[in-house]
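Participant: The sequence and its predicted three-dimensional model are supplied below.
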Amino acid sequence: MDYKIYDTHCHLTDEKFDFDRKKLIESLHENNVEKAMIPSDTVENSIKAIELSHEYEFLYNAVGIHPEEDKNFTDEDIATISKLCDDYKCKAIGEIGLDYHYEHDKERQKYLFESQMQIADEKKLPVIIHTRDAIQDTFDILKKYPNVRGIMHSYSGSYEMAKLFMNLGYYISFSGVVTFKNAKNVKEVCAKIPIEKMLVETDSPYLTPHPYRGKRNEPKYVNLVLQEVAFLKNLTEKQASEIICRNADDIFGW
């Protein structure tokens, strides 16, 4: 492989990595993964992400509270996130957003989402957006903050919505889902949008790409996501990786 690539979304603090985290991280460069972003879902994991990113020069963190924490968060937690994002290795707030897939308090989710968008606006940080079964409400909140840019994480929405998000200054990020044979919509969106607006990620330990689907995902499998994106864009892997890395450098400023 004659290219480098970044994993812009990998949950390296997840307990599924507890038994081999150090070995896995130290092998990333052997697998062409030059930098990695560790997003968070709670205050506790935000602190863990900060600590882990301090151990390795090429790891960075995003702090934030996930929408599925709607029943658990407090205003004190939001204030803590505001303080934590001053960490020198923190390059984004996330993952934040809306998730209506299960039984959730939508108003609490919106309050949590907007509170963290306000922090991003004040701190001039990009956001990493999680949206599931809530894409229109997500868009409606994002457009209230025209000075905030960000990433639509593991995007699975329509091409029409992708265009709207890109117009707001957001990158569209593809995970291992783009490699799934039945993910026709995701493949079509990837083929249509400009690669200058695109990122790749693993969302490890989740969403493992083909042919390892069903096994634990790892940051090194971002290469498989890149390969599929390059194929869909009719580019070499090196050409695709150079553009995608520039995109990540732009949004994270790392």
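Facilitator: Received it, and whenever you're ready, just let me know what you need.

Participant: now for the helix or strand harbouring Leu199, which elements pack on it?
Facilitator: Assigned by DSSP states H and E, Leu199 belongs to strand 198-200. Counting contacts by 3 or more Cβ pairs under 8 Å, 6 or more residues apart in numbering; DSSP states H and E, strand 198-200 packs against strand 5-7, strand 170-174, helix 222-232, helix 237-252. Just so you know, the C-beta spots here come from the backbone N, C-alpha and C atoms, and that holds for glycine as well.

Participant: Which among those is found nearest to Val186?
Facilitator: strand 170-174 (7.0 Å; Cβ to Cβ).

Participant: List the strands paired with that closest one, with their directions.
Facilitator: Looking at strand 170-174 with DSSP bridges, its partner strands are strand 150-152 (parallel), strand 198-200 (parallel).

Participant: how about it: buried residues?
Facilitator: Neighbour counts over strand 170-174 (16 or more other Cβ atoms under 10 Å) mark Tyr170, Tyr171, Ile172, Ser173, Phe174 as buried.

Participant: quick one: the helices in the stretch 1-150 of the chain?
Facilitator: Along the stretch 1-150 of the chain, counting by DSSP state H, counting those that start in this stretch, helices occupy 21-26, 43-55, 75-84, 106-123, 135-142.

Participant: is it true that Ile65 touches Pro39?
Facilitator: No. Ile65 is not in contact with Pro39 according to Cβ atoms under 8 Å; the separation is 11.1 Å.

Participant: what do the two both touch?
Facilitator: Shared contacts of Ile65 and Pro39, defined by Cβ atoms under 8 Å, 6 or more residues apart in numbering, are absent.

Participant: so who does Gly169 touch?
Facilitator: Gly169 neighbours (Cβ under 8 Å, 6+ apart): Val148, Arg149, Gly150.

Participant: Is it possible to mark the buried ones in these?
Facilitator: Val148, Arg149, Gly150.

Participant: quick one: the first one from Leu142, how far?
Facilitator: The one in question is Val148. 7 Å (Cβ to Cβ, to the nearest Å).

Participant: anything in contact with each of those two?
Facilitator: Residues touching both Val148 and Leu142 (Cβ under 8 Å, 6+ apart): Met117.
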